[in-house]
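In: sequence and predicted structure, then a few things I'm wondering about:
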Amino acid sequence: MQTRLFPKSARGKADFGWLQANFSFSFGNYQNPEMMQFGMLRVLNDDTIAAGMGFGTHPHENMEIITIPLEGGLTHRDSMGNQATVSFGEVQVMSAGTGVQHSEMNASQSENAKTLQLWIFPEKEDATPRYDQKSFDLKNNLNSFVNIVSPEDKNDGNALWIHQQAFLHLGIFEENQTITYDIKIPSNGIYIFLIEGEIEIENQTVNERDAFGIIEFDSFEIKTKAKSKILMIEVPMRYN
């Protein structure tokens, strides 16, 4: 097993007035050759978007894009004809594939929106673009991980799916819980992003907004030191 702590203080930052952004990996004007990606996970942006503001229409291609609202919601419009608001408790996926244009605006005219957005390289390029979103009940699944995203060929219908052998789980855990995670695909790695709380992994303390990477393992344990909200990202570490 190999592990690495990624402290929140090491993230890149940007302040555009309407957007307060934190970058786990190189993005935009933040370029760090030592933090380009974790396996097939290319982007994890932690954004606060001012009321009535957002990202105007812009293009993407050959990327699996996952948006997780933490507070408030975003109004999504795209060139496929989709228009929807994704709010706290929901998750959105968009497979950009051969190319798509979209915009994401804060759905509120009075409150900030806080979101996580992830980009994952697809296992096959030039797929037909697609969009989906789904609600997940974390509060009634306290102290357990809820599968929010899985590969298309391993999806049980309860999670969203993407074109990659990646699994995303989200969970809320009370203090003094011990959670065991078994790897789904042996060659994959794990990138844990702690949204809230304090946890311990392999005798290392992980604080709010820190991340923790693990490779070359079969299973590991997480111990919660406080009530915690955890995002678990299992991704291939290289192209097959």
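Out: Alright, I've got the coordinates. Computed from a predicted model, the values in this text were never measured in an experiment.
In: shouldn't Gln164 be in contact with Ile120?
Out: Yes - counting by CB atoms under 8 Å, Gln164 touches Ile120, with 5.3 Å between them. No exception for glycine: its C-beta is placed from N, CA and C like everyone else's.
In: shared neighbours of those two, anything?
Out: Met40, Glu64, Val235 (CB atoms under 8 Å, 6 or more residues apart in numbering).
In: which regions of the chain sit below the pLDDT cut-off?
Out: Filtered on pLDDT under 70, the chain yields the residue ranges 239-240.
In: please repeat the previous calculation with a cut-off of 50.
Out: Of all residues in the chain, none has pLDDT under 50.
In: sorry, back to before: Gln164 and Ile120: which is more packed in?
Out: Legend: neighbour count by other CB atoms under 10 Å for Gln164 and Ile120, higher for Ile120 (27 against 21).
In: could you measure from the nearest residue to that one once chain neighbours are set aside over to Pro151?
Out: The spatially closest residue to Ile120, leaving aside those adjacent along the chain, is Glu64, at 4.4 Å (CB to CB, 6 or more residues apart in numbering). Going from Glu64 to Pro151 by CB to CB, to the nearest Å gives 10 Å.
In: before we move on, what about Asp15?
Out: Taken as CB to CB, the span from Asp15 to Pro151 is 36 Å.
In: ok, now Ala127?
Out: Distance, Ala127 to Pro151, by CB to CB: 13 Å.
In: what is in contact with those two at once?
Out: With CB under 8 Å, 6+ apart, Ala127 and Pro151 have common neighbours His163.
In: please point out which parts of stretch 216-229 sit buried.
Out: Going by neighbour count (16 or more other CB atoms under 10 Å), the buried part of stretch 216-229 is Phe217, Phe220, Ile222, Lys223, Thr224, Ser228, Lys229.
In: can I get whatever helix or strand Leu5 lives in in PDB? Just the C-alpha atoms.
Out: Per DSSP states H and E: Leu5 is located in strand 2-6. What follows is strand 2-6, C-alpha atoms only, in PDB (Å, rounded to 0.1, in the frame of the first residue of the first chain):
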ATOM      1  CA  GLN A   2       1.200   3.500  -0.900                       C
ATOM      2  CA  THR A   3      -0.500   6.600   0.600                       C
ATOM      3  CA  ARG A   4      -0.300  10.300   0.200                       C
ATOM      4  CA  LEU A   5      -2.000  13.200   2.100                       C
ATOM      5  CA  PHE A   6      -3.000  16.200   0.000                       C
END
